[in-house]
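Participant: below are the sequence and a predicted model for it; my questions follow.
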Amino acid sequence: MAANSDFQERNAKGEPGSSLHGVTGREPVFQMTMETVGEKEATDLKGRKFALPVDSEHKAKTVRLYSVAAPHMRTFHLSWIAFMICFFSTFAAPPLMPVIRDNLGLTKVDIGNAGIASVAGAVVSRLLMGTICDLVGPRYGCAILMMITAPAIFCMPLVSTPVGFILVRFFIGFCLATFVSCQFWMSSMFNSKIVGIANGTAAGWGNMGGGIVQLVMPLVFDIIRRDIGSEKFTAWRIAFFVPGVLQVMMGLLVLTLGQDLPDGNYAELKREGEKVNDSFQKVFLYAVTNYRTYIFALTYGYCFGVELTVDNIIAEYFYDRFDLNLQTAGIIASTFGLMNLFSRPLGGVLSDVVAARWGMRGRLWNLWIIQTVGGVLCIVLGLTGQLGPAIAVMLIFSFFVQAACGATFGVIPFISRRSLGIISGATGAGGNIGAVTTQGIFFMSSKYTTEDGIMLMGIMIVACTLPVIFVHFPQWGSMFCPPSKATEEDYYISEWSKEEQSNGLHHASMKFAENSKSERGRQSSPRSKEETVVVDGV
Amino acid sequence: MVSRAQIGLALALGLLALVSTAEGGVLFSNLTRTLAVEATIQSTNSTTGVAHVGSDHLVVSWALNSSLADSGLDAKYVNVNIKLCYAPVSQTDRGWRKTNNDLHKDKTCGKGIGSQKYVPGGNTTNWRITKDVPGAIYFVRVYAVDADGVQLGFGQTTNAAKSSNLIEILPISGRHASIDVASAIFSVFSVGSLISFLGVEAIRSKKAANARAGK
């Protein structure tokens, strides 16, 4: 980078022999004599050009949804589809609950326990997945998890007792940790200016799996019953092969087509010396000593956790409270999850749009407002007794809750560069803990009716979103406090000890710090003009 | 986005219209118990009071209570609906089987056994217990209805507290040997292909490392 700026400086002054183009040499660099000007077009380790424009870390600067170009867009699509299928598998039981509860003789407590079990497993697996991604890469993490939990899905057709049902849902739920690998992968592949929309879109479309499954499973069940002629109690078991097979297929695709980083896979990069093996203890230490990790784990529990809870209870809620049949309740329930098609990505986009003008402070305000409004709408949903208005409120509520999830992950990539994996994992785990807690308190016993539970859940959302006020970045500020004189480099370099810095281990973090200066928002100080000259002008 | 919400709202209002066709329902407490109902299990095995779905039959016989023969209470009876109903012990902690006095909301009697024309002398029906009946404790109730299907009277095999003369039905598990085998095969394939893939990559990576070292 230093060499480039020298060249440009010299060219600007027109030193003799510095350019074949003319006096100042400030011509655009994508013309033919690139080598002479000293700028190379970005290539990966194998010398292949990138299909998308990239920054200094080789992360893409745009998202092209219709493309499957390796590595960025292919990763994007593999990632979100894998996550979607895991969501599909985890929530495959709720739409068929009226049949399953009769087959296995389940009580309300059993169903509540199974719902908690389905999201509890992921608390542990999401924490572990963060570490795994940091150490062996998201490709292995995602694929291994999917193919190891697939047998749990295949065990569901064998279940014949309530305890068996709870255990199987628990083990299937582990695969929700692919969320962490998905977010980690997005943050590794896409530049900080668009990480919000990339994370939001990938995760949102993944979360749609929770909606799609409410439509698909009753349909598959129906087809098996009518066309194959199976009994109800056999048909639902056969239907479970659909998520299982999909998950195995996707795991194989991720293994064969996926790539950890824009430059290649972890194993190759370690060999070439490009990727440094980091120490688990240090990575863990910097995650647990950062107070922002805990705040976001809590707030995520009350947007994503709420989304998981609603996925588990909403079909039965509409079936029982409004006396609908299985298919109709499934269709209505699916709209909740399907809103993810645009609501979570929009949350990420809003985060990025607000950041362009107001920087990180804007992102924090954006998150707090969206999530609090979501909480208020949840209260209204619990109080709505007519079918039509209930559906309308549910749709608007789903938009805000899911946008809040997207907005959260617009902020997470900036908390730490070194411990991104563990922090993503901790946030994701926090989401699941929120789901476990909420289902345990409000939806297990007969103390609260389901509608009261929903209303109380709304109050808890509003309360648990308040801690966002306390998140402060020295270089960017917080919701109510302006930034101090600290710079991005100071913040990110504080994660590396003097020794590690002298070994040059912190260079990746420095590149990231450079690229994260966009989080200051729109500035008019002369300092920012200087910076545009030295940044890699790809 | 706006149009999506509008479609959702339209769909919802349409559903609401369908659902709202229910008017205030008949109250169970207003019905008179006019029918005498008996149900016996025709079973291939010898355990009494227990029926197996799929193989056993329920023989239900109903008739107007002999003491009410000339009372005229049955003047409007047109048909009878015979239903299999959950006993209280199978309803505890299961809100979807709850008893409600409003017969439109009542979920006690989920399974229909059959429908017959009403004759004062009564009739019998032989019902093979279908395989989708959940395992639970039941009794049989017969509703006498008029031409519009509105309930006017009833009879049941048990007492008012629903505690005597109950029938236990044992369900199918829904499992089959073929499903078990398929499950095992798919699971082994999943784990097996993962391990072989990782193995191949590890071997390839070792070869490349050796090649580099050898350079």
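Facilitator: Received it, and whenever you're ready, just let me know what you need.
Participant: quick check: mean pLDDT across the longest helix that chain B contains?
Facilitator: Longest helix in chain B by number of residues (criterion: DSSP state H): helix B:177-214. Mean pLDDT, helix B:177-214: 90.
Participant: then stretch A:84-96?
Facilitator: 94.
Participant: before we move on, the earlier item: could you name the helices and strands sitting against the longest helix of chain B?
Facilitator: helix A:138-155, helix A:232-239, helix A:241-257, helix A:266-272 (3 or more Cβ pairs under 8 Å, 6 or more residues apart in numbering or on different chains; DSSP states H and E). (Each C-beta comes from the backbone N, C-alpha and C, glycine too.)
Participant: now these as a markdown table including distance to residue A:104, mean pLDDT and mean neighbour count?
Facilitator: Shown next, in a markdown table, are those (distance: least, Cβ to Cβ, whole Å; pLDDT from 0 to 100; neighbours: other Cβ atoms under 10 Å in any protein chain shown):
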| stretch | distance to residue A:104 | mean pLDDT | mean neighbour count |
| --- | --- | --- | --- |
| helix A:138-155 | 14 | 94 | 25 |
| helix A:232-239 | 9 | 94 | 24 |
| helix A:241-257 | 18 | 94 | 21 |
| helix A:266-272 | 43 | 65 | 17 |
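Participant: pairing partners for the longest strand that chain B contains, with directions?
Facilitator: The longest strand of chain B (DSSP state E) is strand B:136-145. Strands that pair with strand B:136-145, judged by DSSP bridges, come out as strand B:79-86 (antiparallel), strand B:151-156 (antiparallel), strand B:167-170 (antiparallel).
Participant: can you point out the buried residues in the helix or strand just after the first one?
Facilitator: Using DSSP states H and E, the helix or strand that directly follows strand B:79-86 along the chain is helix B:88-91. Of the residues in helix B:88-91, those buried under the neighbour-count criterion (16 or more other Cβ atoms under 10 Å in any protein chain shown) are B:90, B:91.
Participant: helix B:88-91 vs chain A: in contact?
Facilitator: No. Judged by Cβ under 8 Å from any Cβ of the partner chain, helix B:88-91 makes no contact with chain A; its nearest approach is 8.5 Å.
Participant: how about the residues of the stretch 201-350 of chain A that lie near chain B?
Facilitator: So far as Cβ under 8 Å from any Cβ goes, the stretch 201-350 of chain A lies against chain B at A:231-234, A:236-238, A:241, A:244-245, A:247-248, A:251-252, A:255, A:267-268, A:271, A:319-320, A:322-324, A:328, A:332, A:335, A:342.
Participant: if we go to 6 Å?
Facilitator: Counting by Cβ under 6 Å from any Cβ of the partner chain, the positions of the stretch 201-350 of chain A adjacent to chain B are A:231, A:232, A:233, A:234, A:237, A:248, A:255, A:267, A:271, A:320.
Participant: downstream of the host helix or strand of the last one, the next helix or strand is which one?
Facilitator: Taking DSSP H and E as the definition, one finds residue A:320 inside helix A:304-321. Counting by DSSP H and E, the next helix or strand C-terminal to helix A:304-321 is helix A:326-338.
Participant: per-residue confidence for residue A:208?
Facilitator: In this model, residue A:208 carries a pLDDT of 89.
Participant: against residue A:335, how distant is it?
Facilitator: Computed as Cβ to Cβ, to the nearest Å, the residue A:208 to residue A:335 distance reads 11 Å.
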